[in-house]
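Asker: could you work out the structure for the sequence below:
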Amino acid sequence: MKFVKLSLGSGFGSGLLPFAPGTWGSLLSLVPIYFIISSGNIYILPAFVIVTSLLSLWVSPACEKEWGKDPGKLVMDEWAGQALTFVSISFTGIPDTDLMTLGIGFILFRLFDILKPLGINKLQKYEGGMGILLDDLLAGLYALICLKSLIFFLS
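Answerer: Below you'll find the model as predicted:
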């Protein structure tokens, strides 16, 4: 069970890459996010956010025991936050535009996750999995607001 928790927590190994594991984890999460949005089913992505959030909470104790407090190798929380960035975003069917939307959402999420402005940093005060997860969800929410605003103003 430990192997399963560490594998899930590391985003199937993406968090084990040596430089910027959160960025690699967020980048890998774009693969399922792309296919979920492409499916056109508006309920799957919110369910994905919930599932990855619950997985993050479930694996956090094992990951912290193995890698220390709030370890960078734990990226399932990035998966949840990155997915939240795209809730209510739909694709145009134009591959270049859709990939640009993914790229901009990725950059926005990473900026909010790394810089932790607007109260995001304060959420890390919570112990364990909740503190690990909440800052990424708020970063995802801020990124979603910015992405929706960009889409609105550029349309």
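Asker: and whichever helix in the chain runs longest, what's buried?
Answerer: Taking DSSP state H as the criterion, the chain has its longest helix at helix 128-154. Neighbour counts over helix 128-154 (16 or more other CB atoms under 10 Å) mark 129, 131-144, 146-147 as buried. Using the backbone N, CA and C atoms, a C-beta is placed for each residue, glycine as well.
Asker: pLDDT averaged over it - what is it?
Answerer: Average pLDDT, helix 128-154: 96.
Asker: do stretch 4-12 as well
Answerer: Regarding stretch 4-12, the rounded mean pLDDT is 95.
Asker: can you give me the buried ones in that stretch?
Answerer: Going by neighbour count (16+ other CB under 10 Å), the buried part of stretch 4-12 is 5, 6, 8, 9, 10, 11.
Asker: for residue 91, what are its contacts?
Answerer: Residues near residue 91 by CB atoms under 8 Å, 6 or more residues apart in numbering: 37, 38, 97, 98, 101.
Asker: repeat for residue 42
Answerer: residue 88.
Asker: and it, how far is that from residue 98?
Answerer: 16 Å (CB to CB, to the nearest Å).
Asker: what of residue 87?
Answerer: 16 Å.
Asker: one step back: what's the longest helix of the chain packed up against?
Answerer: helix 44-67, helix 76-84, helix 95-115 (3 or more CB pairs under 8 Å, 6 or more residues apart in numbering; DSSP states H and E).
Asker: ranking these by burial, who's on top?
Answerer: Among these, ranked by average contacts under mean count of other CB atoms under 10 Å, first place goes to helix 76-84 (a mean of 30).
Asker: what's the spacing between that helix and its chain's center?
Answerer: Chain-centre distance of helix 76-84: 2 Å, with CA atoms, centre = their mean, to the nearest Å.
Asker: over to stretch 119-126?
Answerer: Taking mean C-alpha positions (CA atoms, centre = their mean), stretch 119-126 and its chain are 16 Å apart.
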